[in-house]
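[1] mind looking at a prediction? Sequence and model below.
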Amino acid sequence: MNNELTIVARIVAKPAQTDLVKSALVHLIEPTRKEQGCIRYDLHQDNEEPSVFVFYESWESRELWQEHMNNDHLKAYIEATDGAVDSFTLNEMSKIA
């Protein structure tokens, strides 16, 4: 059985805070890609609405992704962007084909 987990996370920065949020998100990439279980961790920015960011992530398992969610660099991101994010949505998904 394949336990691979896909995460699609959508972050919308407050327009005046777009650069701050983008910088904080970019800082997550290198340490996250080194984490156990991280297969893919790609950040995208909307071409029409620069305050909209999407992470497309693949993890070996939900358990390893949950370890990621408790890492210090993610806690630092949350602290650095406190009050700068307008909305955040996250979908846990399974590949079906």
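    Perfect, thanks for sending it. Numbers count the residues shown, from 1 in each chain.
[2] same question for whichever strand or helix holds E30, mean pLDDT?
    Element membership for E30 (DSSP states H and E) is helix 18-33. In this model, helix 18-33 has a mean pLDDT of 97.
[3] quick check: angle from the helix or strand following it to helix 18-33?
    Past helix 18-33, further along toward the C-terminus, the next helix or strand under DSSP H and E is strand 38-45. Regarding strand 38-45 and helix 18-33, their directions subtend 170 degrees when assessed with axes from the mean of the first three to the mean of the last three CA atoms, to 10 degrees.
[4] who does strand 38-45 touch, helix- and strand-wise?
    Packing contacts for strand 38-45, counted by 3 or more CB pairs under 8 Å, 6 or more residues apart in numbering; DSSP states H and E, involve helix 18-33, strand 52-59. Quick note: C-beta positions are derived from backbone N, CA and C, even for glycine.
[5] which regions of the chain lie under the pLDDT threshold?
    Within the chain, the stretches falling below the threshold (pLDDT under 70) are 1.
[6] the most centrally placed residue in it and K22, how far apart?
    When CA atoms, centre = their mean is applied to the chain, the residue found nearest the centroid is F55 (4.5 Å). Separation of F55 from K22 (CB to CB, to the nearest Å): 12 Å.
[7] before we move on, the earlier item: most tightly surrounded among the helices and strands packed on strand 38-45?
    Mean neighbour counts were taken over the helices and strands packed on strand 38-45 using mean count of other CB atoms under 10 Å, and the top value, a mean of 19, falls to strand 52-59.
[8] quick one: residues in contact with that strand.
    4-13, 21-22, 25, 37-46, 65, 68 (CB atoms under 8 Å, 6 or more residues apart in numbering).
[9] please indicate which of the residues you listed are buried?
    Applying a neighbour-count criterion of 16 or more other CB atoms under 10 Å, the buried members of these are 4-7, 9, 11-13, 21-22, 25, 37-38, 41, 43, 65, 68.
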